[in-house]
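Q: pasting the sequence and the predicted model now:
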Amino acid sequence: MACRITELVLDCRDPELLAGFWCEVLGFVVLGREGDDIEIGPREGADGLQLTLVLSRTQEPKNGKLPLHFDLNSTDRDQDAELERLLAAGARFADVGQSGQESWYVLADPEGNEFCLLRARVS
């Protein structure tokens with residue numbers, strides 16, 4: 001077997017703010033804290049099979065579009081209803097040069113990190 005990705009680390013200025021946002025968006029919980037860093041993941045915990053997200057404090061400003069972003073799919077509602085939920089949670093629309101004809105929405109979290117809400121619903 002080769003290596004697996006077990007966690008993604010997102011540098012941010014306010015780990016508490018982003019932990020709250022991403023926990024609400026993904027249905028995650030706080031799994032642990034180490035210094036200023038916060039690890040969030042599925043309620044079942046970090047079993048090594050599902051990715052966790054580590055929000056790591058940095059003072060470096062975000063510069064430009066992220067070279068890596070999350071693609072999200074709703075699990076229990078259509079895209080428009082999920083868009084409303086994400087906007088109410090603190091997401092905002094982001095412009096990364098899309099044409100406006102895409103089947104997905106480009107959004108940003110409270111610190112401006114881009115992510116996409118895709119159309120398909122997944123279980």
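A: Okay, I see it. Numbering: from 1, shown residues only.

Q: beta partners for Val30?
A: Val30 forms beta bridges with Ile40, as assigned by DSSP bridges.

Q: residue contacts, it?
A: Val30 makes contacts with 19, 23, 38-40, as judged by C-beta atoms under 8 Å, 6 or more residues apart in numbering. Placement of C-beta: from N, CA and C, glycine included.

Q: do the same with Asp109
A: 18, 21-22, 90-91, 115.

Q: residues near Thr75, how many?
A: Neighbour count of Thr75, defined by other C-beta atoms under 10 Å: 10.

Q: can you give me the distance of the nearest residue to it once chain neighbours are set aside to Asp71?
A: Leaving aside its sequence neighbours, Thr75 sits nearest to Val122 (C-beta to C-beta, 6 or more residues apart in numbering; 5.9 Å). In this view, Val122 and Asp71 are 11 Å apart by C-beta to C-beta, to the nearest Å.
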